[in-house]
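**Student:** this is a predicted model, with the sequence first.
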Amino acid sequence: MLYTTLSQPVIFACMLAGGIAGGLLFVLAHSLLIALKAKRICFDVANFFCTICCAAIFYFINLSTNYGQFRLFAIATFVFSIIATFFVLNKIFVKVAKICYNKLYARRKKKKNN
């Protein structure tokens, strides 16, 4: 077997892990901004920085595992894992972030009134 075909499962696994990390980055930023009831411009700025971070993650994973070669399955794996992670975990993280924020806000409000 050729060396390039032997490394494809490793490339796939690394791109999948990197995409999940990028998706978690988007989910954490999105749920934090929803819990804080941020404005639209904050979402846009957070999405911009998350996209830059995901591009850097992809670049370094691609450089280290794929030796800088762009393969369609690597790009597709990275993008689809980000999308899947965002849609699967987004509602869970938003609910948890809202609960935590409301509890902290209620405690802070109690301390202020006392």
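**Tutor:** Thanks, I have it.
**Student:** helices or strands up against the longest helix seen in the chain?
**Tutor:** Using DSSP state H, we find that the single longest helix of the chain is helix 72-113. For helix 72-113, the contact count by 3 or more Cβ pairs under 8 Å, 6 or more residues apart in numbering; DSSP states H and E identifies helix 8-35, helix 40-65 as packing neighbours. Every C-beta, even on glycine, is put in place using the N, C-alpha and C of the backbone.
**Student:** between it and helix 40-65, how big is the angle?
**Tutor:** Relative orientation of helix 72-113 and helix 40-65, computed by axes from the mean of the first three to the mean of the last three Cα atoms, to 10 degrees: 140 degrees.
**Student:** what angle separates helix 72-113 from helix 8-35?
**Tutor:** 30 degrees.
**Student:** ok, the spatially most central residue of the chain to residue 80 distance?
**Tutor:** Nearest residue to the geometric centre of the chain (Cα atoms, centre = their mean): residue 23, 2.4 Å. The spacing between residue 23 and residue 80, counted by Cβ to Cβ, to the nearest Å, is 10 Å.
**Student:** swap in residue 40?
**Tutor:** Residue 40 is 27 Å from residue 80, by Cβ to Cβ.
**Student:** burial count for the nearest residue to residue 65 once chain neighbours are set aside?
**Tutor:** Spatial nearest neighbour of residue 65, excluding adjacent residues (Cβ to Cβ, 6 or more residues apart in numbering): residue 14 at 4.6 Å. Residue 14 is flanked by 19 other residues according to other Cβ atoms under 10 Å.
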